[in-house]
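1. quick one, fold the following:
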Amino acid sequence: MRNILLLSGMMMAMNAIAQTTINVDDTSKFTNSIVYLNSANGVPFVMAKYAKVVEGSVFVPETLSPAQIFMKGNAKAMGNISARLNIIDRDLNFYDDKKNMEMVASNDITEVRFKDPLTNNIRIYTKSIPNCIGASPGWHEVLETGKLTLYKEIVKTISENKPYGSATTEQTILTTYRYWVQTGDACRQVKKISELTDLILKSDPGFTAQLPQRKLSDKKEEDWIEVVRTYNSTHK
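-> Numbering: from 1, shown residues only. Predicted structure coming up:
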């Protein structure tokens, strides 16, 4: 409860008037029951845009999940919190059981860890990349750490379509990824695995013999991890 109260105390202000897009499927927000009206020459009109997500999600994970949350200046994590990341707004949503509603936490959160209850695997997400000038703001997943650290930047974009005669805009949320590597204070985005291996080979020409003897795919997260993990295992 103390953790929830702390998060609530640092909550971003929820301004109902500024919320101009209403998700018609989301019944967890009190804003969905409010109709925003303005008038022109005495004739009322609705200010809000009504939208329905037909594919994809802005959240990672899609549903509220058990999480550990690290805040700026505090090395100890807050646990026993149900949360999820809003990738587009670059926020963290959490469930406040006292208020019985989902809320938005402040920008002072630096890292979030989600534990899969079935596999016990832990996925770590950080707000941008620490000490990396030029890195994109927003949530990055930490895939591998060591002398070389691998990050996966999560990018979500919204495509909108308004069917003929409908008052509701349909939204499709697309997800893409960008990979970043960091060693010390140096970091850069890497678009292809071949670009990553070329960077490594410049400092260690003998690394070729340690690479997997198969074609690596830019689209497979496990291939990116394997290259960096192999490098880290031989470079302490």
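2. count of neighbours near residue 193?
-> 20 (other Cβ atoms under 10 Å). To be clear about C-beta, it is placed using only N, CA and C from the backbone, and glycine gets the same treatment.
3. residues contacting it?
-> 216, 217, 218, 223, 224, 227 (Cβ atoms under 8 Å, 6 or more residues apart in numbering).
4. again, only using 7 Å
-> 216, 218, 223, 224, 227 (Cβ atoms under 7 Å, 6 or more residues apart in numbering).
5. now the strands for this protein?
-> 21-23, 37-40, 43-46, 49-55, 59-71, 78-86, 91-96, 101-104, 109-115, 122-127, 139-144, 149-161, 168-183, 186-190 (DSSP state E).
6. in TSV: the ones you listed, plus distance to residue 198.
-> TSV is the format used below for these (distance: least, Cβ to Cβ, whole Å):
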stretch	distance to residue 198
strand 21-23	43
strand 37-40	57
strand 43-46	55
strand 49-55	36
strand 59-71	30
strand 78-86	32
strand 91-96	36
strand 101-104	41
strand 109-115	30
strand 122-127	26
strand 139-144	18
strand 149-161	16
strand 168-183	12
strand 186-190	9
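7. as a markdown table, the ones you listed with mean pLDDT would be great.
-> Shown next, in a markdown table, are the strands of the chain (pLDDT from 0 to 100):
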| stretch | mean pLDDT |
| --- | --- |
| strand 21-23 | 64 |
| strand 37-40 | 48 |
| strand 43-46 | 48 |
| strand 49-55 | 75 |
| strand 59-71 | 93 |
| strand 78-86 | 91 |
| strand 91-96 | 92 |
| strand 101-104 | 91 |
| strand 109-115 | 92 |
| strand 122-127 | 94 |
| strand 139-144 | 96 |
| strand 149-161 | 92 |
| strand 168-183 | 91 |
| strand 186-190 | 94 |
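8. between these, which one is closest to residue 210.
-> strand 139-144 (15.2 Å; Cβ to Cβ).
9. how close does residue 73 sit to residue 155?
-> Distance, residue 73 to residue 155, by Cβ to Cβ, to the nearest Å: 29 Å.
10. try residue 230
-> Counting by Cβ to Cβ, the gap from residue 230 to residue 155 is 27 Å.
11. try residue 56
-> 12 Å.
12. check residue 188 too.
-> 17 Å.
13. residue 124 too?
-> 18 Å.
14. related to what we said a few turns ago, which one of residue 73 and residue 155 has more residues nearby?
-> residue 155 (15 against 7).
15. burial count for residue 78?
-> 19.
16. my error: substitute residue 140 in the last question.
-> 25.
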